[in-house]
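**Q** Show me the folded form of this:
(chains A and B)
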Amino acid sequence: MNHAGWLLDLYEDEAGLVLWLMQEDGTRARLAQPFPVTLYAAGPGPRLRALWRWLRARPQPPRLERAERHELFAGRPLAVMAITAPGPLQARRLFAELAQSFPDLTYYDADLSPNLRHAARYGTFPLARVEIEASKQGVIGAVETRESPWALEHDPAPLRVMRLEPDCNPARAAPRALRIHLNQPALDWELPLEPARALLVNLAAMLRRYDPDLLLTAWGDTWLIPLLVELSRGANIPLGLSRDAGRGIGRKKERSYLTYGQVVHIGPQMRLFGRLHVDIYNAMMYHDYGMEGILESARVTALPIQTVARSSPGSGISAMQVTVALRREILVPWRKQAAEGRKSARDLIEGDMGGLVYAPILGLHSDVAELDFTSLYPACITTGHLSPELMNSGAPGAERVPGTSLTVDRSREGLVPATIEPLLQKRIALKARIAQMPAWDPRRAQFKAQAAAQKWLLVTCFGYLGYKNARFGRIEAHMATTACGREALMRAKETAEDLGFRVLGLYVDAVWVTRAGCRAPGDFQTLVEAITAATGLPITLDGVYNWLAFLPSRAHPARTVANRYFGAFQDGSLKVRGVEMRRADTPAFIAKTQKVLLEAMAPAGSAEALARQLPELVRLLRGSLRLLASGQVPPEELVVSQKLSRRLEEYRLPSPAAVAAAQLAEIGVHLQPGERVPLLFTRGAPGARAWHLPEAVRPETLDLERYRTLLVRAAWSVLGALGISEADLAAWAIHGASYRLDDAPAPCAAPPLLLEARRRKAELAQERLGRLLEAKKG
Amino acid sequence: MGRTIPSATIQFLQEEESFARFRRALRREDQLALDHLFSNAHHHLAAAAYAAHALPFEVLLLAMLLEEHKLVLRMSSAMEKVQPLLDVLDAPE
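**A** Numbering: from 1, shown residues only, chains lettered A, B, ... in the order given. Take a look at the predicted model:
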């Protein structure tokens, strides 16, 4: 029998693999596929012979063969023992025993997900269009994948989606009802949670009748699914959450871990079989790129949708590398053996650094062009052949990486460049497509989500080159990549200066330049071409700013930091980095005020025009201050969302987040490090109150003075660029001290360095000097 | 992703910190001038990192000097502009 459709789910069971197919006629089919799995062992002869005897003596011995396979770093074939088990599950059990009884041997391909093995063998990926030949009993004979994950556009799979969300956040209050939304047919219900029996009967009937492919829940991992399972067990009413009735639900425990200096918290996970479950509040990047981005990640990495949704882009890029290795018959090490190569202190001083981050030229600038290298590091990796196995390999003809003592063998294609090349090309093509699309095009949002998912994978690919636990990571390749990035940026700077541009800022892969008389995007075309020619890497004009402000550091006003800036492009759109409204812990009201100020500034055509707007902008700020003082700002707009950085008992001086978390702990809500604690600042001790306490907020307890300070500070982040000091702004906005734009004594101690004032001063000085000279002559 | 060599920013902060006792003993106005010197060096951290010099403080000193020299150049060019005026003022009656 022939089956055609989209591959929904794939997992292992006793008989091999189970494949769920969304068939073109709307039915869903469960098919079984026998799937023998091979793993490899290497080591000294006597130990391998002992292993051979041990495996032979088992009640169901696996198939054993002597084989030669390619080990990535060895550069020559390696003699290994191939151990083939009848299915992935048997292989996994066998390996658990092996690793314990023969811990001294080296194992390869030992812990690979069956999804990746299937992808390597058949080219499958989640929601791929496939054609399958199977017997009447549903046992698969042949699988053929009819599309490539690298195609720009694809037939979207007709996923039936059921959204399930409680009527309130269960961490805050006990929900009373469950809201249910179905996409096809479009239907909405609300089911009361009590009595449980009615809920279960209704929900089970809906699941049976509409048979959704994807349950998209709010708090499904942490609350809803565990609750439903418990109720269903208590009332003895089976729900059929998984389509595969025999499988129940797969659970994983919650965990917290440290990455890039941040504590990240992942809640417990509830996975279904034959149906998908994604919890929007426990999906890693859901808020970045939504379901479209998750589906794109699954397409290109071949990891199951339920896994991709809950894991970091790092697991995605590792998966892609494993699939490429399997296809090329390269052994995938179980635990990485390769240690870092020896380096001299000189090598480290030269090579152990990241991208170049220049302190930009402080202040407000007009007509600034921003040029960005497109996916700089991935482009360096692919054009420079920067793969771990090609670094310092001693191959004849290896080339030196500029600015380092590392060499790279460019005579062959490495594993990592081969993995990301198609992804990089897809992203570049997609970005080009988006750039040409009109703003109203409905596919724009989908393409953007896809591009965002790809971006994260590419960014992480570079990071994983330097990650000691990554299977195909090696610090030398990471060092070579950053060195190439620095060389590219340096050449971009030199090229720009040779062409008469002034370089205002350089940030890893971005360059900001100005030149008198250059305003139109076309004026920068020569520069774009010259940099591309000088570096061999694609660079594009991100846009031309009418005005752009680089801001000083908060802690050191005399120092600039590279990632605090904002500006308005010629089309009036804003780019804002590093100021309060971009931070997740800023209260909504303060972020909103800052946004209002920036939006009022956006239409100004130049830095000079902007400086003249100051009085009007201060009026806007005073409006917000009045609103705050009058108590009209709703408390939810004053909620500060701070991250808990450690466990409660580890705080010596409790931060507001710790104070609020302790209040929640008292009512039985326990937060983990890495979770955000929404809170309000209150007057007197202890100074903070958890937002999610059951009793209502009393507005008179709010520390309005603290909010006022935060508001003025946020406003100054933006208005400071016009030359006013924070103290002057506070005096003007809060106390109504007014300014005159001349050098007459101002009501504030320090006269502001307003551009107008400075000009006026110069004029007065000139007049005075003129009079003096006249007097002399006279 | 750990690094073996401290970044240029960390090295800068360590150098600055190593002068804490020196700074403490200075008069307040001199402390502010010293801070200014360090801020000037901070401006060139990217170049200092790229230089990968074995003795980072030498690069920081040069960066301080660089900003001082820029100031000298700016002031002498300003002086050149006002010099004719001063000459007129100074000219004997």
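**Q** next one: the strand or helix carrying A:L489 to chain centre, how far?
**A** Using DSSP states H and E, the element containing A:L489 is helix A:475-498. Chain-centre distance of helix A:475-498: 24 Å, with CA atoms, centre = their mean, to the nearest Å.
**Q** residues from chain B in reach of chain A?
**A** Residues of chain B lying close to chain A (CB under 8 Å from any CB of the partner chain) are B:1, B:3-5, B:7-8, B:35-36, B:39, B:42-47, B:49-50, B:52-54, B:85, B:88-89, B:91. Quick note: C-beta positions are derived from backbone N, CA and C, even for glycine.
**Q** Return the members of those residues classed as buried.
**A** B:1, B:8, B:39, B:42-47, B:49-50, B:52 (16 or more other CB atoms under 10 Å in any protein chain shown).
**Q** residue contacts, A:R683?
**A** For A:R683, the contact set (CB atoms under 8 Å, 6 or more residues apart in numbering or on different chains) comprises A:701-703.
**Q** is chain B contacted by stretch A:485-492?
**A** Yes. Applying CB under 8 Å from any CB, one finds that stretch A:485-492 is in contact with chain B at A:486, A:490.
**Q** quick one: low-confidence parts of the chain?
**A** All of this refers to chain A. A:257-264, A:336-339, A:468-469, A:737-759, A:778 (pLDDT under 70).
**Q** looking at chain B here, not the other one
**A** B:1-3, B:91-93.
**Q** Between the two ends of stretch A:271-286, what distance do you get?
**A** 17 Å (CA to CA, to the nearest Å).
**Q** Run through the helices of chain B in chain order.
**A** Assigned by DSSP state H, the helices in chain B fall at B:8-18, B:20-25, B:28-42, B:45-51, B:56-90.
**Q** So which of these has the densest surroundings on average?
**A** helix B:45-51 (a mean of 20; mean count of other CB atoms under 10 Å in any protein chain shown).
**Q** distance between that helix and the chain's centre?
**A** 15 Å.
**Q** related to what we said a few turns ago, out of the contacts of A:R683, who's the most crowded?
**A** A:L702 (20 neighbours; other CB atoms under 10 Å in any protein chain shown).
**Q** Same question for the helix holding A:L489: list its buried residues.
**A** By neighbour count with 16+ other CB under 10 Å, helix A:475-498 contains the buried residues A:475-493, A:495-496.
**Q** do the same with stretch A:688-707
**A** Result for stretch A:688-707 [16+ other CB under 10 Å]: buried residues A:688-693, A:697, A:702-704, A:707.
**Q** Quote the end-to-end distance of it.
**A** 12 Å.
**Q** any idea how far the residue nearest in space to the middle of chain B is from B:H43?
**A** The structure's chain B has its C-alpha centroid closest to B:M64; by CA atoms, centre = their mean the separation is 2.5 Å. Note on B:M64: its distance to B:H43, by CB to CB, to the nearest Å, is 10 Å.
**Q** now the contacts of A:R683 in JSON lines, with distance to A:V640 and secondary structure?
**A** Formatted as JSON lines, the contacts of A:R683 follow (distance: CB to CB, whole Å; DSSP: H, G, I helix; E, B strand; the rest coil):
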{"residue": "A:T701", "distance to A:V640": "15", "secondary structure": "helix"}
{"residue": "A:L702", "distance to A:V640": "11", "secondary structure": "strand"}
{"residue": "A:D703", "distance to A:V640": "11", "secondary structure": "coil"}
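**Q** Closest one to A:L10 out of those, please.
**A** The closest of those to A:L10 turns out to be A:L702 (CB to CB; 53.3 Å).
**Q** what pairs with the closest one across the strands?
**A** A:T682 (DSSP bridges).
**Q** Show the contacting residues for it.
**A** Neighbouring residues of A:L702 by CB under 8 Å, 6+ apart: A:635, A:638, A:680-683.
**Q** Give the single residue among the contacts of A:R683 positioned nearest to chain B.
**A** Lowest distance from chain B to those (CB to the nearest CB) belongs to A:D703, with 32.3 Å.
**Q** residues touching the nearest residue to the closest one once chain neighbours are set aside, list them.
**A** In this structure, A:D703 finds its nearest non-sequential neighbour in A:F681, 4.3 Å apart by CB to CB, 6 or more residues apart in numbering or on different chains. When contacts are counted by CB under 8 Å, 6+ apart, A:F681 is found next to A:638, A:640, A:656, A:687-688, A:702-703, A:706-707.
**Q** Just the ones of the residues you listed in helices?
**A** Reading helices off the contacts of A:F681 with DSSP H, I get A:656, A:706-707.
**Q** Just name the closest of these to A:E144, please.
**A** Using CB to CB, A:P656 comes nearest to A:E144 of those, at 58.7 Å.
**Q** so the residue nearest to the centre of chain B sits right up against B:D35, yeah?
**A** No. Using CB atoms under 8 Å, B:M64 makes no contact with B:D35, being 11.6 Å away.
**Q** How about the residues of chain A by chain B?
**A** Residues of chain A lying near chain B (CB under 8 Å from any CB): A:260, A:345-346, A:348-350, A:352-354, A:356-359, A:463, A:466-467, A:478, A:486, A:490, A:506, A:556, A:558-560, A:769, A:772-773, A:776.
**Q** So how do I select the buried members of the residues you listed in ChimeraX?
**A** Here is the ChimeraX command that selects the buried residues among the residues of chain A next to chain B (16+ other CB under 10 Å):
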select /A:349,350,352,353,354,356,357,358,359,463,466,467,478,486,490,506,559,560
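**Q** Quick check, central residue of chain A?
**A** A:W456 (5.2 Å).
**Q** For the closest residue to it other than its chain neighbours, grab phi and psi.
**A** Distances taken as CB to CB, 6+ apart place A:P313 nearest to A:W456, at 4.1 Å, with adjacent residues excluded. Dihedral angles phi and psi of A:P313 (degrees, to the nearest 10) take the values phi -60, psi -20.
**Q** ok, now how distant is A:P313 from chain B?
**A** According to CB to the nearest CB, to the nearest Å, A:P313 and chain B sit 14 Å apart.
**Q** All set, thanks.
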